[in-house]
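[1] Any chance you could fold what I've pasted below:
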Amino acid sequence: MEPIVAAREVEKAYGSQSVLKDASFLLHEGEKAALVGANGTGKSTIFRLLVGELRPDLGNVAFREGLRIGYLPQVPNVAAGTPVREVLASPTREVLELEREAAALEEWMGQPGALDGRDAGERMARYEAIHARLGTAKSKADIGGDPILSDLGVGEELLEQHFGTLSGGEKSKVLLARALANAKEKDLLLLDEPTNHMDIPTIEFIEEFLMGIDAAVLLASHDKYLLDNVAGKVLEVEARKVVEWTGNFSDYRGQKEAYLKALEAKRKRHYDEVKRQLAIIEDFKARKRWTQVRARRIGIERLERDAPEEAAASRAFRLVFQAAKAGRSALRAEGLSMRFGERLLFSDVNLEVEVGDKIGVVGPNGCGKTTLLEILIGQREPEAGRIERGSKMRIGYFSQSQAELAADHVLVDEIRSVRTPPAPEAWARGFLGRFGFGGDVAFKKVGDLSGGERARLALAKFIAQDYHLLVLDEPTNHLDIDSQEIVAAALREYPGSVVLVSHNRSFLNETCAKIAVLAHRTVRVFRGTFRDSWAAAKMAEFIGEEKARYRVLRVVRDWEKRVSYHQGEVIALTGAETQAFLRLLRWAEAEGRVERLDATN
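    Below is the predicted model:
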């Protein structure tokens, strides 16, 4: 089968920094592939090469003629002043290619005698065909009323806003909607971190959507569940090359581990042989057999040239948490209620954190998870209810915004500041080195770090202190999968209590033994791993909407049916609604656009 994409011996550098060298890979029709690799290895560069934003320095990337592509960049590539409606109507790659070809033919038609040439008839027929395709392609490029907007929770009023005014989550949803719309008409979807800023129900929709379409998919994500469920092969970016592995992400990890063990065994055999040959040379030298010495040295040089490659060093860092050895680290919340303006976030919430608990807090975006954490640690007061905390209990809080970092500090001073009096500089530099901030980097300013580096530094600062209770809001943001796993292992072994918010399903599953689901303005706790707890929550219809009734507080647009629901209307479910409509209601409730009515209303 001919590939739809063929990258051959591609090289790409940014200035003196080489990112890709002799990188080759193929994508075939309908193939679902995961693109994996540590942060900074070149995954986003590959996406940009595939959509034409970058050109290879050497090598080439070939596409099947007429290939139709949907693309989601990791970093939004839209000007801040662009209206969202225009973003959703922006020309696709197919439209741009057809317009370029039409322009070239129009230029040819303007040349003297062009229409008298032998191929004039063929060219004119091609020109007419292009214009016919162009009209269809342009109509499909405008997705302003596509049902995918309901699936992803894109509200009607967003279409009139400018892109730069949207939140990070709203930007991600708009760009993802643009990439996924009209998927049946596309041959290839290129998705660079499609789950960024997405809640778990939306991630599950993305997963089901990608599994159900015929288009080929190239997907980069830090969500192992997504990669396992969608991908049938893995393209690994490592040491500036691309290596293909068969199977999903878990299959790849097993194969890679076996390969590294075999490589290490081969290196050991090679090292032992070198040692043996050196011992023989020393014996020959002692006996003054110089001809044999020279011959053996030539053999040693050959062995050194043919030495097996070294396995790439892991970039993940080792974490060790130190729990303070004080009294009982328990927390009890009773009857908590909180509003955001006129909107009720939650009411009558009860939550107990016992010694050694590892609790994951999940729920739709906007339902109040971060607000609940801030109430638990005392940064925000609830409207009603009370919280009991141990008088000597020390609580550590790792925030989503990492606002506790001082941009004007150098890194070493930022770490020293966690101790009173400040910790010795040598200790701080050694501690930073464990997090990948070795050498002169320790004297960089915090404000000069990238987003991923700031996340890593914030985590380093967080764990340099001793706490009874760790409260973390999205601790895996900007961390690659290897580093996520190390954080998860450290939290499992942490002897104190942990409460964390995350949308990363595999991280929750590896870390937590209880899951607190925040939905319908209250909290319910389910025991077990995330996988077991999430299934139990759905079985209990705590998240489901069957036969529920909702009062509309702000306009809700159903893009699938092209119907708007206005303030004061009541939506009564019958059990026959589509999954897309139920997703729309979950999003609308989390956003405060509708409120769920109990049986007495």
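[2] which residues of the stretch 351-500 of the chain fall in strands?
    358-362, 384-389, 395-398, 469-473, 497-501 (DSSP state E, counting those that start in this stretch).
[3] would a markdown table of the ones you listed with mean pLDDT be doable?
    A markdown table is the format used below for these (pLDDT from 0 to 100):
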| stretch | mean pLDDT |
| --- | --- |
| strand 358-362 | 95 |
| strand 384-389 | 92 |
| strand 395-398 | 88 |
| strand 469-473 | 92 |
| strand 497-501 | 94 |
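[4] Turn those into CSV, including distance to Lys233 and mean neighbour count.
    Where C-beta positions appear, they are placed from N, C-alpha and C, glycine not excepted. Converted to CSV, the strands of the stretch 351-500 of the chain look like this (distance: least, C-beta to C-beta, whole Å; neighbours: other C-beta atoms under 10 Å):
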stretch, distance to Lys233, mean neighbour count
strand 358-362, 30, 25
strand 384-389, 50, 14
strand 395-398, 35, 20
strand 469-473, 34, 23
strand 497-501, 32, 24
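[5] wait, which of those strands is closest to Leu115?
    Among those, the nearest to Leu115 by C-beta to C-beta is strand 358-362 (66.2 Å).
[6] and the closest one, which strands flank it?
    Note on strand 358-362: by DSSP bridges, its sheet partners are strand 497-501 (parallel), strand 514-519 (parallel).
[7] Contacts for the longest one, please.
    In this case it means strand 514-519. With C-beta atoms under 8 Å, 6 or more residues apart in numbering as the contact definition, strand 514-519 has outside contacts at 346, 351, 357-364, 367-369, 372, 508, 523-528, 530, 533-534, 537, 542-543, 586.
[8] and with 7 Å instead?
    Defining contact as C-beta atoms under 7 Å, 6 or more residues apart in numbering, one finds that strand 514-519 is touched by 346, 351, 357-363, 367-369, 372, 508, 523-527, 530, 533-534, 537, 542-543.
[9] Now the phi/psi pair for Leu260, please.
    The phi/psi pair for Leu260 (degrees, to the nearest 10) reads phi -70, psi -40.
[10] Let me see the domain layout of this structure.
    Here the domain parsing of the chain from automatic domain parsing is 5-251, 331-539, 549-597.
[11] Please tabulate these in TSV, including the columns distance to Phe284.
    Shown next, in TSV, are these (distance: least, C-beta to C-beta, whole Å):
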stretch	distance to Phe284
domain 5-251	38
domain 331-539	43
domain 549-597	77
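[12] Any regions of the stretch 351-500 of the chain where pLDDT drops low?
    Residues of the stretch 351-500 of the chain that meet the criterion pLDDT under 70 lie in 400-403, 450-452.
[13] ok, which stretches of it are helices?
    With DSSP state H, counting those that start in this stretch as the criterion, the stretch 351-500 of the chain has helices at 369-377, 411-416, 425-433, 451-463, 481-493.
[14] The stretch 151-300 of the chain too?
    168-180, 200-212, 224-230, 249-286, 290-305.
[15] returning to that earlier point: turn the helices of the stretch 351-500 of the chain into TSV, columns for mean neighbour count and distance to Glu101.
    What follows is the helices of the stretch 351-500 of the chain, written out as TSV (neighbours: other C-beta atoms under 10 Å; distance: least, C-beta to C-beta, whole Å):
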stretch	mean neighbour count	distance to Glu101
helix 369-377	21	50
helix 411-416	22	52
helix 425-433	17	54
helix 451-463	20	39
helix 481-493	18	41
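[16] how about those helices, which one is nearest Gly15?
    Gly15 lies closest, by C-beta to C-beta, to one member of these: helix 451-463, at 19.2 Å.
[17] so how far is the closest one from its chain's centroid?
    Relative to the chain's own centre, helix 451-463 is displaced by 17 Å; criterion: C-alpha atoms, centre = their mean, to the nearest Å.
[18] Other residues contacting that helix?
    Contacts of helix 451-463 (C-beta under 7 Å, 6+ apart): 39, 319, 321, 396, 398, 402, 404-405, 411, 414-415, 418, 431-432, 435-436, 446, 449, 475, 477-479.
[19] if we can go back for a sec, okay if I get the strands of the stretch 351-500 of the chain as CSV plus distance to Arg68?
    Converted to CSV, the strands of the stretch 351-500 of the chain look like this (distance: least, C-beta to C-beta, whole Å):
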stretch, distance to Arg68
strand 358-362, 36
strand 384-389, 54
strand 395-398, 43
strand 469-473, 39
strand 497-501, 38
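[20] Compare the ones you listed and give me the one nearest Arg562.
    Smallest distance to Arg562 across the strands of the stretch 351-500 of the chain (C-beta to C-beta): 32.0 Å, for strand 358-362.
[21] ok, back up a step: JSON lines for the helices of the stretch 351-500 of the chain, including distance to Ser24?
    As requested, the helices of the stretch 351-500 of the chain are arranged in JSON lines below (distance: least, C-beta to C-beta, whole Å):
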{"stretch": "helix 369-377", "distance to Ser24": "44"}
{"stretch": "helix 411-416", "distance to Ser24": "39"}
{"stretch": "helix 425-433", "distance to Ser24": "36"}
{"stretch": "helix 451-463", "distance to Ser24": "28"}
{"stretch": "helix 481-493", "distance to Ser24": "24"}
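[22] So which of the ones you listed is nearest Leu27?
    For Leu27, the closest of the helices of the stretch 351-500 of the chain is helix 481-493, at 21.8 Å, according to C-beta to C-beta.
[23] Now that closest one - C-alpha only, PDB.
    The C-alpha atoms that make up helix 481-493 are tabulated as PDB, following Å, rounded to 0.1, in the frame of the first residue of the first chain:
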ATOM      1  CA  ILE A 481       5.000  10.800  30.500                       C
ATOM      2  CA  ASP A 482       8.200   9.500  32.100                       C
ATOM      3  CA  SER A 483       8.200  12.400  34.600                       C
ATOM      4  CA  GLN A 484       4.500  11.900  35.300                       C
ATOM      5  CA  GLU A 485       5.200   8.300  36.300                       C
ATOM      6  CA  ILE A 486       7.900   9.300  38.600                       C
ATOM      7  CA  VAL A 487       5.700  11.900  40.300                       C
ATOM      8  CA  ALA A 488       2.900   9.300  40.600                       C
ATOM      9  CA  ALA A 489       5.300   6.800  42.200                       C
ATOM     10  CA  ALA A 490       6.600   9.400  44.700                       C
ATOM     11  CA  LEU A 491       3.000  10.300  45.700                       C
ATOM     12  CA  ARG A 492       2.100   6.700  46.200                       C
ATOM     13  CA  GLU A 493       5.000   6.200  48.600                       C
END
